[in-house]
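Novice: What shape does this take:
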Amino acid sequence: MGDRDRDTGAEPPRQPEAPADIPPAPSASAPRPRDWTPRATTAQQPPGLGAPPMPDLRPLGEEADPFASRGEAPPRASPRPSPGKEERAPKPRKPLLRRILFWILKAILAFLLVSIGMVVIYRFVPPPITWTQIGDIFEGHGVTKRWMSIDRIDPNMTLAAIAAEDARFCTHHGFDLTAIEQAYARNQKGGRIRGGSTISQQTAKNVFLFQGGGYARKALEAYFTVLIENIWGKRRIMEVYLNVAETGIGTYGVNAGAMRYFKHDASRLSPREAAQIAAVLPLPKKRAGIDPRGFTRRYGNAITARIGTVRGDGLDDCVR
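Specialist: Residues are numbered from 1 along each chain as shown. Take a look at the predicted model:
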């Protein structure tokens, strides 16, 4: 290259000299002051010369939205389950028959709990009202009742009830199979239909159920009879029976019946008066307790005669 310069007579290019008032740039190895900072370069290199342009300066944490220039909405992030909770698949519904059976079982369980609870409560508390009494109220008859403890009721009334309604009251467990068979045999011969219900069955019906109803009511009557026989006992059954049994139209209990027919309470009843009240019990809306006639009179005389038998044979031992 030196030979070519000499041959052509051209002079090598000279470096431009810095003006005298501009100090020379310090070399890379020269020491710098402690407060020296590099000066930012403001000039940008034109694109296309090998150096990419500097990105726009933005505050930390902010990034450019790649969807803003295309006019598109950014995709939604799917909600993340909270910690400790896992997404569970929906449980399949149970078959219809299985659900029906489930609700039937729940209804039966609720009935058992309520019925047993009522029997336990009435073991100590007088029943406030019965379905038969509610029926009399709706029919406009009204309800007259006066509760009296069995300790105050004259023993003649207990003897008359056993003589008229249930001679084996103290020996059976709620159902008198002998009386049921005898009633069935008599009914097969025709004539007036007689029942074989015991005092326990009548008490269960009067307190918890309604009149009529056919076999469904009979089944419930048997259920409640078992409950009161095992929870109440004979003495409590007799006490409730003598206070809820209908003794006339709108009149309930032997005490209210004695006040209606004899103008005194049931704490003092002669055998004849007790028998007249007991004769009304099977059909209280059709029989008169005072000045009875016909069948009611004859039935009352028969009960009066049986009172001595009940007392002599000890058929009332369970309620003394």
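
Novice: Low-confidence bits of the stretch 151-300 of the chain, can you list those?
Specialist: In the predicted model, the stretch 151-300 of the chain carries pLDDT under 70 at residues 190-195.

Novice: Show me what the longest helix along the chain is packed against.
Specialist: In the chain, taking DSSP state H as the definition, the longest helix is helix 96-122. Applying 3 or more CB pairs under 8 Å, 6 or more residues apart in numbering; DSSP states H and E, we find helix 96-122 packed against helix 199-208, helix 214-231. The way it works is simple: take the backbone N, C-alpha and C, and place the C-beta from them, glycine included.

Novice: okay, those helices, which one's buried deepest?
Specialist: Of those, the one with the most neighbours on average (mean count of other CB atoms under 10 Å) is helix 199-208, at a mean of 24.

Novice: quick revisit: how far off helix 214-231 does the longest helix of the chain point, in degrees?
Specialist: For helix 96-122 against helix 214-231, the angle by axes from the mean of the first three to the mean of the last three CA atoms, to 10 degrees is 50 degrees.

Novice: Mind listing what's buried along the next helix or strand after helix 96-122?
Specialist: Remark: after helix 96-122, the chain's next helix or strand is helix 131-138, criterion DSSP states H and E. Using 16 or more other CB atoms under 10 Å as the test for burial, helix 131-138 gives 132-133, 136.

Novice: if I look at Phe262, how far off is Leu269?
Specialist: Per CB to CB, to the nearest Å, Phe262 is found 8 Å from Leu269.

Novice: Neighbour count: these two, which is higher?
Specialist: With neighbours defined as other CB atoms under 10 Å, Phe262 and Leu269 compare such that Leu269 has more, 24 against 17.

Novice: can you pull the contacts of the more buried one?
Specialist: Residues in contact with Leu269 (CB atoms under 8 Å, 6 or more residues apart in numbering) are 154, 156-157, 254, 258, 262, 277.

Novice: Grab the nearest non-local neighbour of it.
Specialist: Asp154 (4.1 Å; CB to CB, 6 or more residues apart in numbering).

Novice: about what we covered before: could you say which one of the helices and strands packed on helix 96-122 comes nearest to Pro127?
Specialist: Pro127 lies closest, by CB to CB, to one member of these: helix 199-208, at 5.2 Å.

Novice: The closest one - contacts with which helices or strands?
Specialist: Secondary elements touching helix 199-208 (3+ CB pairs under 8 Å, 6+ apart): helix 96-122, helix 155-165, helix 214-231, helix 234-244.

Novice: do that again at 6 Å, thanks
Specialist: The helices and strands touching helix 199-208, judged by 3 or more CB pairs under 6 Å, 6 or more residues apart in numbering; DSSP states H and E, are helix 214-231, helix 234-244.

Novice: With only the CA atoms kept, save that helix in PDB.
Specialist: Coordinates of the C-alpha atoms in helix 199-208 are reproduced here as PDB (Å, rounded to 0.1, in the frame of the first residue of the first chain):
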ATOM      1  CA  ILE A 199    -111.200 -49.500  77.600                       C
ATOM      2  CA  SER A 200    -107.600 -49.100  76.500                       C
ATOM      3  CA  GLN A 201    -108.600 -49.100  72.800                       C
ATOM      4  CA  GLN A 202    -111.400 -46.600  73.400                       C
ATOM      5  CA  THR A 203    -109.100 -44.300  75.300                       C
ATOM      6  CA  ALA A 204    -106.500 -44.500  72.400                       C
ATOM      7  CA  LYS A 205    -109.300 -43.600  69.900                       C
ATOM      8  CA  ASN A 206    -110.800 -40.800  72.000                       C
ATOM      9  CA  VAL A 207    -107.500 -39.100  72.800                       C
ATOM     10  CA  PHE A 208    -105.400 -39.500  69.600                       C
END
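
Novice: what angle separates it from helix 131-138?
Specialist: Going by the same axes, to 10 degrees, helix 199-208 makes 40 degrees with helix 131-138.

Novice: list the contacts for Gln182?
Specialist: Gln182 makes contact with no residue under the criterion CB atoms under 6 Å, 6 or more residues apart in numbering.
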